[in-house]
Each structure stands twice: as C-alpha cells, then as structure tokens.
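1. Build me a structure from this.
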Amino acid sequence: MHLIVFHELQKMRVNNQLQIMDIALEKTVLLEKQGRERQGRFDFLVQAKNKTIGIEVLTRPSQGKLKSKLPYSNEVDEFIFVLPHDSMEFYRKKKMNGFKRRAPKKFFSQDFSNKKLKAWMLDCKQAKITEKGSFRKIFEVK
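-> Purely as a prediction, here's the structure:
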C-alpha cells in the first residue's frame, strides 16, 4: 500500500497537481497529548510549496486506530488517511438508489469533522487510488 501511495504522490508531482518539494518517509515528530509529549511518525510527510501534508496508511483500520492518529493532524496543514476501499463500509456514505436504508447509520465522532482531514480509498487489486476527498464527504460524521 505504501508503494502505491508513493507512486500516486509522484504522479501528482509530475502532473503538477501539487507542487511537491520533498517527500519524507517515516518522518518522526513530537506530538502533544494531554499535556505530555510523545514521539509519533507520519508514514509520509510531504512538503509542498504552500502547505505541509501528513499521510497515514492504515491496512486494517478501525475507528479507534483512526482516532489515535488524530493528534497528528495538529502538526500539518492537511492530513490524509489512506484506507482500503472496502474497509469501514458501515461508516461510508451510501448513494441512494430510490430505496430507504434498512440498517441504522454509524457515525464517526465529531472529532473527524475537521476540514484538514482527507481520505484516499485504495484498491490493492487494481493498485490505484479509487477515491479521494474530504473525510466528511466519504464517511458519515456527526
């Protein structure tokens, strides 16, 4: 998954979608949580011309894992979760096809409503990013 994300970043650089100056792998940062400092690592830390982007690749995501990574978003201008395209289906926004939903919706907590948070959905079989967007656009958030 990391290699696919790296290729996507390189493709964005070549196509001038994002003016990337530097891509750092496994970049260590100090995070402040509940008044204490601890070390954390971004899978990718991208220095673009106008902003800093942190990327976290999660192969088996859960709401708890995503929530534990939220303090990383305070260190960057934009924070991207890269998730498998078929994961977190209960939280995904469903496209209506004329029928009502039978199952109750599940929501991420209010913490995920931050505008900095983005999500990339990755299809490992096709080896490409299938969907990119704001976290609130892809998933149900309170």
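2. The lowest-mean-pLDDT helix or strand in the chain packs against which elements?
-> For the chain, the helix or strand with the lowest mean confidence is strand 20-33, at a mean of 85 (criterion: mean pLDDT, DSSP states H and E). Under the contact criterion of 3 or more C-beta pairs under 8 Å, 6 or more residues apart in numbering; DSSP states H and E, strand 20-33 touches helix 2-14, strand 36-48. For the C-beta atoms, the positions are set from N, CA and C on the backbone; glycine is no exception.
3. Tell me where the model's unsure across this structure.
-> Per-residue confidence for the chain (pLDDT under 70) gives these ranges: 33-34, 96-104.
4. now with 50?
-> Along the chain, no part satisfies pLDDT under 50.
5. Can you tell me the centre-most residue of it?
-> Among the residues of the chain, the one closest to the centroid is Phe81, at 1.4 Å (C-alpha atoms, centre = their mean).
6. Let me see the contact set for that residue.
-> Listed by C-beta atoms under 8 Å, 6 or more residues apart in numbering, the contact partners of Phe81 are 56, 58, 61, 66, 69, 117-120, 135.
7. same deal with Asn74?
-> By C-beta under 8 Å, 6+ apart, the residues touching Asn74 are 31-32.
8. my guess is it is in a helix, correct?
-> Yes - judged by DSSP: H, G, I helix; E, B strand; the rest coil, Asn74 forms part of a helix.
9. Thank you kindly, that will do.
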